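1. Quick check, what structure comes out for this input:
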Amino acid sequence: MINAVRNTVLAILNKNNYGYISPADFNLFAKQAQLDIFDEYFISYNSQINKENARVSGTGYADIKKGYEEVIDTFSVTGTLANASTNIYTVPTSATTGSDYYLLNKILIYSKVISSGTTTGVSGANALIDSSGTFQTDGVAVGDIVSVIINAANVSNLTVTNITSNTQLEVSPALLNTSPLTYAIYRPSDLKNEAEPVTHSKITMLNKSMLTTPNVTFPAYTLEGNSLTLYPTTVNSVGRVASQYIRYPKDPKWTYISLSGGEPLFDQSQSDFQDFELPEDDVNNLVARILQYAGLSIREISTVQFGQGLEQQETQEQ
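-> Modelled structure (predicted):
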């Protein structure tokens with residue numbers, strides 16, 4: 001998709017001898033264009049809800065709101081949050097969950113910790129050993145989730161594949177090469193308690209009353225910078241808090257190899273290649289946006305106007 005978009009942009013620019021944009025410039029324009037369109041999904045989605053409430057929106061194949069929901073959901077991620085300290089967690093970032101968040105939709109916690117402790121040895125990368133463990137007594141079952149921090153601040157979620165004894169489990173994937181490691185075990189079906197977002201002033205008032213103090217069944221959280229503080233403070237086991245969020249699209253990158261003549265040739269086998277993450281029907285929008293940025297770059301107003309015309313036509317058709 002990204003190669004087709006670039007070829008279209010260059011063809012339009014070259015037709016009138018407007019100039020040439022380098023691969024580096026194209027990647028910058030492509031990133032900005034994708035972010036612009038991504039941000040507009042939410043504005044358009046809100047507009048469609050308003051139309052639906054006003055009874056001027058269609059149903060079935062004419063249900064445009066459903067289309068926006070499906071596109072936005074392709075950027076949905078559910079990831080475990082890492083503890084910064086006690087009941088303070090780090091919001092989704094590239095370093096902790098692999099992607100930055102655009103919108104925190106839900107904060108979920110496991111209602112129950114089945115078992116927890118610290119590993120006491122290593123016997124193959126798929127064996128979790130705790131000499132003081134009581135896995136069978138605690139009711140750990142195949143399919144349960146083992147949350148453990150193996151390196152840095154990333155929480156790794158492993159799946160129980162076999163209960164060898166009261167003190168040893170087998171997990172997958174096999175990542176347990178070191179010890180000691182702090183772990184906690186949960187049942188997937190127990191990830192069902194949703195925390196309520198509250199303001200800093202409101203959480204103070206809630207915690208003052210025995211009737212409104214957040215608990216495991218009805219938790220709450222506040223945000224400050226990249227930190228999420230969860231209440232009650234007893235919810236602090238590794239991997240117990242997860243978030244469902246909408247992530248930003250990955251930065252597109254058109255990769256190439258240089259020929260002897262100096263003309264770059266598209267090569268998607270490069271390790272840093274990244275295609276657009278938008279649906280195919282946004283190709284026209286991408287071309288229009290990139291042309292506008294390219295026109296500003298080469299100081300050619302007619303290119304900007306052409307891009308704006310394409311964008312307006314696409315908007316009218318929608």
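
2. show me what contacts Met205?
-> Neighbouring residues of Met205 by C-beta atoms under 8 Å, 6 or more residues apart in numbering: Thr212. No exception for glycine: its C-beta is placed from N, CA and C like everyone else's.

3. Need the three-state assignment for it.
-> helix (DSSP: H, G, I helix; E, B strand; the rest coil).

4. again, but for Ala242
-> Relying on three-state DSSP, one would call Ala242 strand.

5. That one contacts Val77, doesn't it?
-> No: look at Ala242 against Val77 with C-beta atoms under 8 Å: they stay out of range, at 10.2 Å.

6. longest single helix anywhere in this structure?
-> In the chain, taking DSSP state H as the definition, the longest helix is helix 23-53.

7. buried ones in it?
-> Burial within helix 23-53, assessed by neighbour count using 16 or more other C-beta atoms under 10 Å, is assigned to 26-31, 33-34, 37-38, 41, 44-45, 47-48.

8. quick check: domain ranges of this protein?
-> According to automatic domain parsing, the chain is divided into the following domains: 2-73+249-317, 76-111+190-247, 115-186.

9. just flag whichever of the ones you listed has the lowest average confidence.
-> Lowest mean pLDDT within these: domain 2-73+249-317, at a mean of 81.

10. any idea how far Asp190 lies from Val140?
-> According to C-beta to C-beta, to the nearest Å, Asp190 and Val140 sit 13 Å apart.

11. If you could redo that for Ile149, that was the one I meant.
-> Per C-beta to C-beta, Ile149 is found 19 Å from Val140.

12. Neighbour count: these two, which is higher?
-> Val140 (21 against 16; other C-beta atoms under 10 Å).

13. And that one, its phi and psi?
-> Torsion angles at Val140 (phi, psi; degrees, to the nearest 10) stand at phi -60, psi 140.

14. swap in Ser227?
-> Torsion angles at Ser227 (phi, psi; degrees, to the nearest 10) stand at phi -110, psi 140.

15. Please look at it and Thr86 and confirm they touch.
-> No: contact status for Ser227 versus Thr86: not in contact, 11.4 Å apart, counting by C-beta under 8 Å.

16. now the helices for the stretch 51-200 of the chain?
-> For the stretch 51-200 of the chain, the helices defined by DSSP state H, counting those that start in this stretch occupy 64-73, 135-138, 200-208.

17. Could you pull out the buried residues of the second one?
-> So the one you mean is helix 135-138. Under the neighbour-count criterion of 16+ other C-beta under 10 Å, helix 135-138 has Phe135 buried.
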